[in-house]
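Novice: Pasting the sequence and the predicted coordinates here, then a few questions.
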Amino acid sequence: MPERIGFIGLGIMGRGMAHNLRKAGFALTVWNRTAARMDELVAAGAQAAASPADVAAQSDIIFICVSDTPDVEAVILGAEGVMHGAQPGALVVDCSTISPKATRDLAARLAEHGIGMLDAPVSGGSEGAARGTLSIMVGGPADQFARALPAFEAMGKTITHVGDHGAGQTVKGVNQVLVVGNCLAMCEALLFAQAGGVDLEKTHAAISQGAAGSWMFSNRGPQIIARDWRPGFTIDLQQKDLRLVLEAAEELGVPLVATALINNLYRTLQARGLGGDGNHALMKALENLAGFTVGEQPAPSAKVAQ
Ligand code: NAP
């Protein structure tokens, strides 16, 4: 019998991931806190559940993709949580980005009930979720990884078993250090290009395929040039991930100098009410320091972008 799949959390990421599980032919039961977000999955052939426990009762493998550590704890341990519906032998796969330590604690709690767990945070943005090309970094026992692999293959391209419980979240932290470093470098480079008076689109075309290229520059550079701040990944979620990385770094006693700086720049944007912008709106923090804007220019009176 093929494994029955459940999916909890149909946000920017979960929506695309759930659609790809359906496209791959898995029987799928979904739940989302805001119920209307389930409609399009139901139209695609999924079943809507009444609660996370209800998803778990109807599924062998239960995927979760919600925002932060307390949210994962709520959908697993809460009154109507997964733990109250899952059968012994079920497998919970958490694709959210959360604390490695909380992940190990959750895995231990679930194990007391005979329920397995993998941490499987993802990278690749909303585009990767929609196209089924995510990078998935997985922590947990090898046999559980093998069990979930066919479902991972429906959602991702680079699927790596990186270690035991929590290791996936640690590797995701490594990923985030690189993401924000690339983002700051991109913003600083475009600020320099603007000040130097060169055409930004030509600059992008000239260098994006060379040694300075990156996923960030290819995908978000054009958005900055067009002053398009729509999120693939919001500042609020990016800052949440940096908080998780910096907390873990504190526990490990390792200095992450640039990551701490970038975290503070994101904090300034949140203080300005810009937490819903895409993470590439880090540009606005640099513009605020420089006193001019980058890309398609607004009216001359508007010196610093909001
Ligand atoms: P999102 O669009 O904001 O969606 C968040 C989802 O979590 C929604 O379905 C939301 O339900 C649900 N949720 C939040 N708190 C909840 C709670 N307490 N109880 C039940 N449901 C709750 O976020 P996203 O971009 O899909 O990100 C989801 C996870 O993937 C995050 O951990 C994020 O860091 C990670 N991630 C995101 C990206 C990206 O590019 N977006 C990339 C890699 C990893 P409602 O619909 O009711 O609000």
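Specialist: That came through, no problem.
Novice: near the ligand, which residues of the stretch 201-306 of the chain show up?
Specialist: With CB under 6 Å from any ligand atom as the criterion, the stretch 201-306 of the chain meets the ligand at residues 232-233, 237, 241. Where you see a C-beta, it was placed from the backbone N, CA and C, and this is true even at glycine.
Novice: What about residue 5? Give its phi and psi, please.
Specialist: Per-residue torsions, residue 5: phi -110, psi 140 (degrees, to the nearest 10).
Novice: what does residue 278 give?
Specialist: Residue torsions, per degrees, to the nearest 10, at residue 278 are phi -70, psi 160.
Novice: What's opposite it in the beta bridge?
Specialist: Residue 278 forms beta bridges with residue 234, as assigned by DSSP bridges.
Novice: For stretch 182-191, which residues meet the burial criterion?
Specialist: For stretch 182-191, a neighbour-count test (16 or more other CB atoms under 10 Å) marks 183-184, 186-187, 189-191 as buried.
Novice: just the strands in the stretch 51-200 of the chain please.
Specialist: When assigned using DSSP state E, counting those that start in this stretch, the strands of the stretch 51-200 of the chain occupy the ranges 61-64, 91-94, 116-119, 122-123, 134-139, 156-163.
Novice: CSV for those, including mean pLDDT?
Specialist: Listed next are the strands of the stretch 51-200 of the chain as CSV, based on pLDDT from 0 to 100:
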stretch, mean pLDDT
strand 61-64, 98
strand 91-94, 98
strand 116-119, 98
strand 122-123, 95
strand 134-139, 98
strand 156-163, 98
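Novice: Please produce a markdown table containing those strands, extended by mean neighbour count.
Specialist: Formatted as a markdown table, those follow (neighbours: other CB atoms under 10 Å):
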| stretch | mean neighbour count |
| --- | --- |
| strand 61-64 | 26 |
| strand 91-94 | 27 |
| strand 116-119 | 27 |
| strand 122-123 | 23 |
| strand 134-139 | 25 |
| strand 156-163 | 17 |
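Novice: and of those, who's closest to the ligand?
Specialist: strand 122-123 (5.0 Å; CB to the nearest ligand atom).
Novice: The closest one near the ligand anywhere?
Specialist: Yes: Strand 122-123 comes into contact with the ligand (CB under 6 Å from any ligand atom), by way of 122-123.
Novice: How far off centre is that strand?
Specialist: Mean C-alpha position of strand 122-123 versus that of the full chain (CA atoms, centre = their mean, to the nearest Å) differs by 6 Å.
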